[in-house]
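Trainee: quick check, what structure comes out for this input:
(one chain, ligands or ions: 1)
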Amino acid sequence: MAESHAAAPAVCLDSHDRLARLAAASAGVISFAGGLPDPSLFPKRELGAALEAVLSRQANAALQYGWPEGAEELREEVAQRLRARGAALDATRIVITSGAQQAILLALSAVPRKGTVAVDAESYPGALDAFRAARAELRGIEERADLYYVMPSVSNPRGQRMSEQERTGLLERVRKYRGYVIEDDAYDGTFFSGTSERPLVAQMPERVFQIGSFSKTLCPGLRLGWLVPPPRLARSVLRKKRNQDLQANGLAQALLVEYLRGDHFDALQQRARARYRRKAGKLMASIRRHLPEFAFQAPVGGFSIWLESQLEHDSEELLAAAIRRGAAFDPGSMFSARPRPKLAIRLCYSTVPAADIDEGVARIAQAIRDVTAK
Ligand SMILES: Cc1ncc(COP(=O)(O)O)c(C=O)c1O
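Mentor: Got it, this is the predicted structure:
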């Protein structure tokens, strides 16, 4: 699901979509919404140089149709990165996708049974939407299910890492119930300390679909991610990929390979992690100052903080009030697998200029006073 922000909608998907677009189109709104990377980190100059190099050296290959599994060189880059994290796999296992979102859909369509899908109490809306559209019954992550959807590296919206105990417990359930796992690692690389965990696919390659993305660490506009399906389901995944869109964008793949072969990406990731960690610290200080009625856990990475309160107000009603006060956020209802009686919200620090964070949180606090005074 696009958590992106385009102004002037012709058609709105739902009430949240309408509010998100309204906030994006309103001048002066300090927005903690969206889960977007900080655009000031986009390596525009390096990507420009990479594009020029691709078009001058290998334009025909980059502009021609390619294979559904994606460009060999990009698959090799992805495989190398997974090997560095402890997963013994080679490039032939990788399918390049149009972002992690398509990888989730491909995994879901290839998995043999999907009547029951286990998710965290709060999860990524694009995945929840896909599971609901497939008419799956959503269950808690501790329960028996056909399919388990987890974000072990850095979760969205909580910004937490799965503990060793949680990982072991999950794999035990998968083995016991002969289920499958979608390991969504879209936020891997944003972990503040910079160290990535061994992916689950390294422990159970026959039952784990591993998913990654360049959206959070580089830029979502390229629309490039990947899927490592269990070997037994690789053919089915590839057929579905071909049926859906033939292949991921070939020019973007060539551009990305060229960029990754320069030595800018590691430095960019380091700079990004330091920037996001600083902003997260600022946001936590402002939450403590202005929103004492909300509880939260400090994030270990990612772009957001998840806030829970005992207030019984609707998060979309609060969002409408916040937009009137000049601030925006993501309502908690978007992330909840089940109806949530208490008010919860997600605040993203990633795109807000550091200097605006405190004022933005103060505006949300004012909006809370507006709705609770009614
Ligand atoms: C957990 C998670 N998975 C997948 C995605 C989709 O990412 P992509 O841009 O790679 O499709 C997002 C985007 O917000 C996300 O938060």
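Trainee: make it CA atoms for all contacts and neighbour counts henceforth
Mentor: OK.
Trainee: which helices and strands does whichever strand or helix holds residue 282 pack with?
Mentor: Using DSSP states H and E, residue 282 sits in helix 265-290. Packing partners of helix 265-290 (3 or more Cα pairs under 8 Å, 6 or more residues apart in numbering; DSSP states H and E): helix 357-373.
Trainee: now the helix it packs on: average pLDDT?
Mentor: Here helix 357-373 scores 96 as its mean pLDDT.
Trainee: also stretch 200-212?
Mentor: 97.
Trainee: residue numbers of the chain in contact with the ligand?
Mentor: By the rule Cα under 6 Å from any ligand atom, the part of the chain lying against the ligand is 3, 35, 99-101, 124, 156, 184, 186, 213, 215, 220, 225.
Trainee: quick one, helices of the stretch 101-250 of the chain?
Mentor: Assigned by DSSP state H, counting those that start in this stretch, the stretch 101-250 of the chain shows helices spanning 125-133, 164-177, 200-203, 234-245, 250-261.
Trainee: which other residues reach the last one?
Mentor: When contacts are taken as Cα atoms under 8 Å, 6 or more residues apart in numbering, the neighbours of helix 250-261 outside the stretch itself are 46-47, 50-51, 53-54, 62-66, 70-71, 73-74, 77, 222-224, 265.
Trainee: residue contacts, the spatially most central residue of the chain?
Mentor: The centroid of the chain falls nearest to residue 186 when counting by Cα atoms, centre = their mean (4.9 Å). Neighbouring residues of residue 186 by Cα under 8 Å, 6+ apart: 100, 151, 211, 212, 213, 214, 215, 216.
Trainee: now do residue 57
Mentor: Counting by Cα under 8 Å, 6+ apart, residue 57 has no contacts.
Trainee: that one and the ligand, how far apart?
Mentor: Distance of residue 57 to the ligand, given as Cα to the nearest ligand atom, to the nearest Å: 28 Å.
Trainee: cool, and residue 59?
Mentor: Per Cα to the nearest ligand atom, residue 59 is found 25 Å from the ligand.
Trainee: torsion angles phi and psi at that residue?
Mentor: Torsion angles at residue 59 (phi, psi; degrees, to the nearest 10) stand at phi -60, psi -40.
Trainee: now do the one 3 residues further on
Mentor: Summarising the backbone geometry of residue 62 under the convention degrees, to the nearest 10, its torsions are phi -70, psi -30.
Trainee: repeat that for residue 88.
Mentor: According to degrees, to the nearest 10, the main-chain angles of residue 88 amount to phi -80, psi 90.
Trainee: got any ranges where this structure has weak pLDDT?
Mentor: The chain contains residues with pLDDT under 70 at 1-10.
Trainee: what angle separates the helix holding residue 282 from helix 250-261?
Mentor: For helix 265-290 against helix 250-261, the angle by axes from the mean of the first three to the mean of the last three Cα atoms, to 10 degrees is 90 degrees.
Trainee: helix 265-290: what's the following helix or strand?
Mentor: Of the helices and strands lying after helix 265-290 in sequence (DSSP H and E), the nearest is strand 304-308.
Trainee: can you name every helix or strand that that following strand contacts?
Mentor: Where contact means 3+ Cα pairs under 8 Å, 6+ apart, strand 304-308 is packed against strand 344-348.
Trainee: tally up the residues packed near residue 326, please.
Mentor: Residue 326 is flanked by 20 other residues according to other Cα atoms under 10 Å.
Trainee: an error on my part: the question was meant for residue 370.
Mentor: Per other Cα under 10 Å, the neighbour tally for residue 370 reads 14.
Trainee: quick check: phi and psi at the closest residue to it other than its chain neighbours.
Mentor: Leaving aside its sequence neighbours, residue 370 sits nearest to residue 321 (Cα to Cα, 6 or more residues apart in numbering; 7.2 Å). Here the main-chain torsion angles of residue 321 (degrees, to the nearest 10) amount to phi -70, psi -40.
Trainee: for the one 4 residues further on, same thing?
Mentor: Dihedral angles of residue 325 (phi, psi; degrees, to the nearest 10) stand at phi -90, psi -10.
Trainee: show me where the stretch 101-250 of the chain has strands.
Mentor: 116-119, 137-140, 147-150, 180-184, 208-213, 225-228 (DSSP state E, counting those that start in this stretch).
Trainee: could I get these in TSV, plus columns for distance to residue 41 and mean neighbour count?
Mentor: Shown next, in TSV, are those (distance: least, Cα to Cα, whole Å; neighbours: other Cα atoms under 10 Å):
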stretch	distance to residue 41	mean neighbour count
strand 116-119	31	24
strand 137-140	36	18
strand 147-150	27	26
strand 180-184	23	27
strand 208-213	16	28
strand 225-228	19	27
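Trainee: can you redo those as JSON lines with distance to residue 238?
Mentor: Output for these, formatted as JSON lines (distance: least, Cα to Cα, whole Å):
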{"stretch": "strand 116-119", "distance to residue 238": "23"}
{"stretch": "strand 137-140", "distance to residue 238": "26"}
{"stretch": "strand 147-150", "distance to residue 238": "20"}
{"stretch": "strand 180-184", "distance to residue 238": "17"}
{"stretch": "strand 208-213", "distance to residue 238": "13"}
{"stretch": "strand 225-228", "distance to residue 238": "10"}
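Trainee: out of the contacts of residue 186, who's nearest residue 336?
Mentor: If you rank these by distance to residue 336 using Cα to Cα, residue 151 comes first, at 15.1 Å.
Trainee: got the contact list for stretch 272-287?
Mentor: 41, 190-194, 217, 294, 298-299, 301-305, 349-350, 354, 357-358, 361-362.
Trainee: which residue is the nearest non-sequential neighbour of residue 69?
Mentor: Leaving aside its chain neighbours, residue 69 sits nearest to residue 95 (4.5 Å; criterion: Cα to Cα, 6+ apart).
Trainee: if you could redo that for residue 294, that was the one I meant.
Mentor: residue 309 (4.6 Å).
Trainee: cool, and residue 92?
Mentor: Excluding the flanking residues, the one nearest residue 92 by Cα to Cα, 6+ apart is residue 75, at 7.5 Å.
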